[in-house]
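Asks: when you get a sec, could you give me coordinates for this:
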Amino acid sequence: MERTLGIDVSFYQDNNTTPQRVDWKKARDAGAVFAFIKASQATNTDEDFKYNWKEAKAAGILRGAYHYYDYRAAPQPQAQHLIKLLQDDLGELPPVLDLERNLYWPLPSRENLLQAVQIFLNELETAFGKKPLFYTNPDMIYYILKPVPAWLTKYPLWIANYGVSQPTMINPWINWTFWQWTNHGDGLAFGMESKNLDINWFNGSEQELRRWAGLETALEELTLEKKVEKLWAAHPELHES
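Replies: Numbering: from 1, shown residues only. Model (predicted):
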């Protein structure tokens, strides 16, 4: 199965004591087709989000914004904060709810946590008209969320699972859409100021990623008329001949 390379970043990839910032062109040249960029946590905006969001787009990288969920706080204000950040530019990939265990925070009951997650995801889906991604890891699924309700598995899964040749899938999930397979990627090679970088795969080719995100339709699915229109639009020099 073909896979497509991507990264995910936050303010941790930038050293704010130096004048330089993340070099997104270098990230693209190193092979990053897509990037998940931290937008927010609780109701706070990541300090590098505006820069990363703009420069990743300029470099031609497909962008998705992720929200690090704070389960000590109410879900709706968190969702609305992210929605406001993305209202003028959603990005090319769906937004992400990042749910992971924070050992410094008291953990709510499974029922309360799932209820909050459902509210957050519903807010985003209603606002943007597309299903957000759900990011988590096998331990979170197995020890906290299980048994996983059917409604949650309808959201595409981005799973973090390191040191394995394939991510561990826990029923009822049977497949992954994105896989964060290491948090020790070569950050410097990808234009980061941090030495370590999260590296991800999309479960498919770059064309399949673009189709999954609704950015283009496979050529073989187009009618002959649509193929001609697509080629005509792509070659304005033919209009004068």
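Asks: OK, contacts around the residue nearest to Lys26 when sequence neighbours are not counted?
Replies: Leaving aside its chain neighbours, Lys26 sits nearest to Gly191 (3.1 Å; criterion: Cβ to Cβ, 6 or more residues apart in numbering). C-beta: built from backbone N, CA, C; applies to glycine. Shown in contact with Gly191 (Cβ atoms under 8 Å, 6 or more residues apart in numbering): Val22, Asp23, Trp24, Lys25, Lys26, Ala27, Ala30.
Asks: redo these as JSON lines? Include secondary structure and pLDDT.
Replies: JSON lines is the format used below for the contacts of Gly191 (DSSP: H, G, I helix; E, B strand; the rest coil; pLDDT from 0 to 100):
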{"residue": "Val22", "secondary structure": "coil", "pLDDT": "96"}
{"residue": "Asp23", "secondary structure": "coil", "pLDDT": "98"}
{"residue": "Trp24", "secondary structure": "helix", "pLDDT": "98"}
{"residue": "Lys25", "secondary structure": "helix", "pLDDT": "98"}
{"residue": "Lys26", "secondary structure": "helix", "pLDDT": "98"}
{"residue": "Ala27", "secondary structure": "helix", "pLDDT": "98"}
{"residue": "Ala30", "secondary structure": "coil", "pLDDT": "98"}
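Asks: and those, which are buried?
Replies: Val22, Asp23, Trp24, Ala27, Ala30 (16 or more other Cβ atoms under 10 Å).
Asks: would you turn these into TSV with distance to Leu85?
Replies: Formatted as TSV, the buried ones among the contacts of Gly191 follow (distance: Cβ to Cβ, whole Å):
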residue	distance to Leu85
Val22	18
Asp23	23
Trp24	19
Ala27	21
Ala30	27
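Asks: nearest to Asn200, of those residues?
Replies: Using Cβ to Cβ, Ala27 comes nearest to Asn200 of the buried ones among the contacts of Gly191, at 12.5 Å.
Asks: pretty sure the closest one is touching Phe190, no?
Replies: Yes. Counting by Cβ atoms under 8 Å, Phe190 is a contact partner of Ala27 at 4.6 Å.
Asks: burial measure for the residue nearest to Asn16 when sequence neighbours are not counted, as a count.
Replies: Spatial nearest neighbour of Asn16, excluding adjacent residues (Cβ to Cβ, 6+ apart): Glu47 at 7.6 Å. Glu47 has 13 neighbouring residues, counting by other Cβ atoms under 10 Å.
Asks: helix/strand/coil for Glu47?
Replies: Secondary structure assignment for Glu47 (DSSP: H, G, I helix; E, B strand; the rest coil): coil.
Asks: that older thread, right, and out of the buried ones among the contacts of Gly191, which lies closest to Trp158?
Replies: Using Cβ to Cβ, Ala27 comes nearest to Trp158 of these, at 18.6 Å.
Asks: low-scoring stretches of this protein, by residue?
Replies: 217-241 (pLDDT under 70).
Asks: going along the chain, name the helices of it.
Replies: Under the criterion DSSP state H, the chain carries helices at the ranges 24-29, 49-58, 75-86, 110-128, 138-140, 206-212, 224-234.
Asks: tabulate the ones you listed (JSON lines), appending distance to Phe36.
Replies: What follows is the helices of the chain, written out as JSON lines (distance: least, Cβ to Cβ, whole Å):
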{"stretch": "helix 24-29", "distance to Phe36": "12"}
{"stretch": "helix 49-58", "distance to Phe36": "10"}
{"stretch": "helix 75-86", "distance to Phe36": "13"}
{"stretch": "helix 110-128", "distance to Phe36": "15"}
{"stretch": "helix 138-140", "distance to Phe36": "17"}
{"stretch": "helix 206-212", "distance to Phe36": "13"}
{"stretch": "helix 224-234", "distance to Phe36": "29"}
